[in-house]
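Visitor: Provide a 3D model corresponding to the input given below.
(one chain, ligands or ions: 2)
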Amino acid sequence: MSSDTRYDVLIIGGGPGGTPAAMALAQAGKHVMLVEAGRGLGGTCLFEGCIPSKIFRETAARRRELGRAAEFGLPGSDANTVSVDWSVVQTRKHHILNSRAQGALAKARELPELEVVFGRARLTGPRTAVIEAAGERREVGFDNVILATGSVASRLPIPGADLPGVLDSRGLIEIGFVPRSLTLIGGGPIGVEMAQIFAMLGARVTLLEAMPRILGPVDDVLANLLAERLQVDGIDVQTGVSVEAIEGEECRHVVRYTRDGKAYEVDAQVVAIVAGRHPNVDGLGLETTAVQHDRHGIKVGETLQTDEPGIYATGDLVGNPMFAHWATAQALAVARHLLGAPAAYPRPEYNSAVIFSYPELGMAGLTAEAARAAGLDVTVAEYDYRIDARAQISGDAFGRLRLVYRKDDRRVVGIHALVEGAADLMGEAELIVRHGLTLEQVAEAIHPHPTLTEAFGLTALGAR
Ligand SMILES: Cc1cc2nc3c(=O)[nH]c(=O)nc-3n(C[C@H](O)[C@H](O)[C@H](O)COP(=O)(O)OP(=O)(O)OC[C@H]3O[C@@H](n4cnc5c(N)ncnc54)[C@H](O)[C@@H]3O)c2cc1C
Ligand SMILES: NC(=O)c1ccc[n+]([C@@H]2O[C@H](COP(=O)([O-])OP(=O)(O)OC[C@H]3O[C@@H](n4cnc5c(N)ncnc54)[C@H](O)[C@@H]3O)[C@@H](O)[C@H]2O)c1
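Guide: Ligands and ions are numbered 1, 2, ... in the order given. Next up is the predicted model:
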């Protein structure tokens with residue numbers, strides 16, 4: 001194989017789990033090929049996940065704020081009179097997505113050792129792959145490969161799930177109008193975020209969740225508080241349901257479900273199934289290698305190497321947790337490992353994440369439940385944002401902060417915050433948990449007034 005078809009590292013997938021590894025490796029002088037099958041670098045996160053959903057949320061939250069203007073001494077607006085020009089929202093989304101994708105590509109192209117190919121890659125053995133790009137077929141060889149092909153929305157095995165008008169999250173991101181009514185099947189992060197976005201935009205929304213509560217692995221107190229908030233905001237949240245069938249046509253769908261043996265139905269203009277995602281292994285050619293996988297993801301060891309030496313996997317393809325920052329942390333760790341440098345692999349016990357609900361729900365480290373399951377003797381210190389100066393000023397005095405700490409040495413092992421603005425608290429929260437700070441150390445830190453971060457100090461100070 002000639003040097004122009006031989007690479008130190010092949011990376012399949014240009015999302016958060018692939019591109020950062022390609023950049024880091026090429027920057028360090030490795031000869032790298034990055035193959036991306038979609039319309040640009042950025043993956044699900046950029047084109048149909050994190051970024052577009054938060055662009056929608058921005059419009060929804062601003063509409064909500066306009067409706068509350070009178071509370072702030074600015075009479076004359078009412079959310080119901082603020083119409084939504086959805087084409088402007090979609091155009092704004094396209095501009096942001098395109099500019100981010102172009103920015104990423106321009107940065108990649110500055111690296112002479114990095115070749116970016118827009119096409120589809122398939123392994124043909126442990127050290128070879130074919131790339132189909134622009135009608136051409138290329139065979140390449142490599143020393144190592146990073147698989148980062150992400151995840152795809154899971155369908156449900158129920159009648160009607162494949163009806164043409166039944167959407168998944170990608171369909172919601174591409175939707176050309178604000179539906180009058182929307183039924184979401186699945187009360188995970190996607191279901192909750194989309195429910196609130198479309199409710200704030202004026203839709204009548206029903207959220208159907210199979211489990212006894214929404215947002216399964218999240219702090220239970222905060223998840224329940226958020227569920228109450230959803231109900232107060234007019235979203236019909238139904239938990240513990242079994243969805244039996246979807247019927248209907250383009251603009252009217254009926255979802256039939258049961259709970260406790262009783263049958264119910266709900267109708268809506270649009271139905272979306274947002275009931276989880278599974279690893280995207282189809283067509284990757286894994287059968288030509290020793291790589292093992294199941295429905296949860298590709299099997300990897302501590303260094304994210306698969307059962308086939310030289311083949312690594314990162315991001316959603318490896319399974320839960322599925323977050324963009326987690327995928328990137330894994331990508332950078334594998335890159336460092338391949339460069340022979342010490343690698344910090346992300347660890348669940350101090351992962352941070354934010355659900356962009358309203359208010360935002362941020363988490364870092366372990367819930368009390370998870371800490372106890374891991375054998376830690378923990379307790380929780382709480383703070384109610386109703387008494388918080390910053391939250392009162394911004395008109396969002398609702399929510400709770402929960403610090404989970406060990407009883408023996410008072411080290412904080414988890415921080416969970418439900419408050420509008422929580423997203424921007426989670427960097428500090430992650431540092432506190434990662435470095436095992438004690439309540440006393442958190443209390444000592446001087447937090448500026450009036451800000452939402454003060455709650456960290458006040459809660460730590462007040463803990464028994
Ligand atoms: C609606 C929604 C909202 C979300 N919001 C957030 C959020 O706010 N914060 C957050 O942290 N996470 C969020 N996520 C999750 C986040 O998008 C994923 O965790 C993240 O994108 C995973 O990165 P990845 O690189 O593993 O996979 P992806 O981003 O899925 O990238 C995989 C890439 O591989 C490419 N590919 C697939 N097969 C091939 C092939 N054979 N050859 C070449 N290329 C291929 C795909 O085109 C894709 O671009 C959200 C997800 C969704 C669906
Ligand atoms: N802000 C963020 O970071 C963010 C936002 C969106 C998505 N994501 C990530 O994307 C991934 C996918 O999100 P998701 O919300 O689709 O998945 P999820 O797996 O987190 O949640 C799916 C929910 O659907 C429910 N469900 C499953 N089958 C059902 C059925 N038949 N009927 C009713 N409910 C059913 C599950 O019990 C669960 O609560 C997650 O791993 C998440 O971490 C992250």
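Visitor: Name the nearest residue to L437, ignoring sequence neighbours.
Guide: Leaving aside its sequence neighbours, L437 sits nearest to V412 (Cβ to Cβ, 6 or more residues apart in numbering; 5.8 Å). The way it works is simple: take the backbone N, C-alpha and C, and place the C-beta from them, glycine included.
Visitor: surely that neighbour meets A368?
Guide: No. Counting by Cβ atoms under 8 Å, V412 does not reach A368; the two are 11.8 Å apart.
Visitor: Please say which of the two ends up with more neighbours.
Guide: It is V412, of V412 and A368, that has more neighbours when counted by other Cβ atoms under 10 Å, with 28 against 21.
Visitor: tell me which element the more buried one is part of?
Guide: Element membership for V412, per DSSP states H and E: strand 412-418.
Visitor: Who are the packing partners of that strand?
Guide: With contacts defined as 3 or more Cβ pairs under 8 Å, 6 or more residues apart in numbering; DSSP states H and E, strand 412-418 has these neighbours: helix 220-232, strand 361-365, helix 368-373, strand 400-406, helix 426-434, helix 454-462.
Visitor: Return the residues in contact with the residue in the stretch 201-350 of the chain positioned nearest to ligand 1.
Guide: The nearest approach of the stretch 201-350 of the chain to ligand 1 comes at G315, 2.0 Å away (Cβ to the nearest ligand atom). Neighbouring residues of G315 by Cβ atoms under 8 Å, 6 or more residues apart in numbering: G13, G15, P16, G17, G18, A148, G150, M322, W326, A327, Q330, A331.
Visitor: Considering only the residues you listed, which also neighbour ligand 1?
Guide: G13, G15, P16, G17, G18, A148, G150, M322, A327 (Cβ under 6 Å from any ligand atom).
Visitor: As CSV, those residues with pLDDT would be great.
Guide: Formatted as CSV, the ones next to ligand 1 among the contacts of G315 follow (pLDDT from 0 to 100):
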residue, pLDDT
G13, 98
G15, 98
P16, 98
G17, 98
G18, 98
A148, 98
G150, 98
M322, 97
A327, 98
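Visitor: which one of those residues is nearest R213?
Guide: Nearest to R213 among the ones next to ligand 1 among the contacts of G315: M322, at 19.8 Å, using Cβ to Cβ.
Visitor: Pull the contacting residues for the residue of the stretch 301-450 of the chain found nearest ligand 2.
Guide: When scored by Cβ to the nearest ligand atom, the stretch 301-450 of the chain has M322 as its residue closest to ligand 2, at 3.3 Å. By Cβ under 8 Å, 6+ apart, the contact set of M322 is S151, R277, G315, D316.
Visitor: Over to it: give its phi and psi.
Guide: phi -110, psi 90 (degrees, to the nearest 10).
Visitor: what pairs with the residue nearest to D409 when sequence neighbours are not counted across the strands?
Guide: Once flanking residues are discounted, D409 sits nearest to T438: 6.7 Å by Cβ to Cβ, 6+ apart. Note on T438: beta-bridge partners by DSSP bridges are R411.
Visitor: Just list what the strand ranked longest in the chain packs against, helices and strands only.
Guide: Identified as the longest strand of the chain according to DSSP state E is strand 136-147. On a contact count with 3+ Cβ pairs under 8 Å, 6+ apart, strand 136-147 meets strand 6-12, strand 128-133, strand 311-313, helix 324-338.
Visitor: Partner strands of the first one, with direction?
Guide: What that stands for is strand 6-12. In the sheet, strand 6-12 lines up against strand 32-36 (parallel), strand 136-147 (parallel) (DSSP bridges).
Visitor: From the chain's centroid, how far away is the last one?
Guide: The offset between the C-alpha centroid of strand 136-147 and the centroid of the whole chain comes to 29 Å, using Cα atoms, centre = their mean, to the nearest Å.
Visitor: Likewise for the shortest one?
Guide: The chain centre lies 24 Å from the centre of strand 32-36; the measure is Cα atoms, centre = their mean.
Visitor: Report the angle between that strand and helix 324-338.
Guide: Between the axes of strand 32-36 and helix 324-338, defined by axes from the mean of the first three to the mean of the last three Cα atoms, to 10 degrees, the angle is 150 degrees.
Visitor: And the next helix or strand past strand 32-36?
Guide: Moving toward the C-terminus from strand 32-36, the next helix or strand (DSSP H and E) is helix 43-48.
Visitor: how distant is that following helix from the center of its chain?
Guide: Chain-centre distance of helix 43-48: 10 Å, with Cα atoms, centre = their mean.
Visitor: what's the neighbour count on the residue in the stretch 151-300 of the chain that ligand 2 sits nearest to?
Guide: As assessed by Cβ to the nearest ligand atom, ligand 2 sits closest to G188 within the stretch 151-300 of the chain, at 2.0 Å. The local packing of G188 (other Cβ under 10 Å) involves 21 other residues.
Visitor: In this structure it contacts G276, no?
Guide: Yes. If you go by Cβ under 8 Å, G188 and G276 touch, sitting 6.6 Å apart.
Visitor: Please list the residues of the chain that sit near ligand 1.
Guide: Checking the chain against ligand 1 by Cβ under 6 Å from any ligand atom, the hits are 12-18, 35-38, 43-45, 48-50, 53, 120-121, 148-151, 169, 190, 280, 283-284, 315-317, 322-325, 327, 356.
Visitor: Show me what from this structure comes close to ligand 2.
Guide: Counting by Cβ under 6 Å from any ligand atom, the residues of the chain close to ligand 2 are 156, 185-191, 193, 208-211, 216, 243, 274-277, 320-323, 353-356.
Visitor: isn't G362 right up against E428?
Guide: No. When contacts are counted by Cβ under 8 Å, G362 is not listed as touching E428 (10.2 Å).
Visitor: who has more neighbours, the two?
Guide: More crowded of G362 and E428, by other Cβ under 10 Å: G362, with 26 against 17.
Visitor: what residues are up against the closest residue to the more buried one other than its chain neighbours?
Guide: Excluding the flanking residues, the one nearest G362 by Cβ to Cβ, 6+ apart is A422, at 3.7 Å. Contact analysis of A422 by Cβ under 8 Å, 6+ apart lists V354, P359, E360, L361, G362, G399, L452.
Visitor: tell me, what residue is most central in the protein?
Guide: Geometric centre of the chain, nearest residue: F323, 4.3 Å, by Cα atoms, centre = their mean.
Visitor: Could you report the neighbour count for P212?
Guide: Look at P212: counted by other Cβ under 10 Å, it has 8 neighbours.
Visitor: From what I see, it and T239 are in contact.
Guide: Yes. If you go by Cβ under 8 Å, P212 and T239 touch, sitting 5.7 Å apart.
Visitor: relative to strand 32-36, how tilted is the lengthiest helix in the chain?
Guide: As assigned by DSSP state H, the longest helix anywhere in the chain is helix 86-109. For helix 86-109 against strand 32-36, the angle by the same axes, to 10 degrees is 160 degrees.
Visitor: residues of helix 86-109 that come out buried?
Guide: V89, Q90, K93, L97, R100, A101, A104, L105, A108 (16 or more other Cβ atoms under 10 Å).
Visitor: tell me, how many neighbours does the residue nearest to H31 when sequence neighbours are not counted end up with?
Guide: Once flanking residues are discounted, H31 sits nearest to D8: 4.7 Å by Cβ to Cβ, 6+ apart. Using other Cβ under 10 Å, D8 has 17 neighbouring residues.
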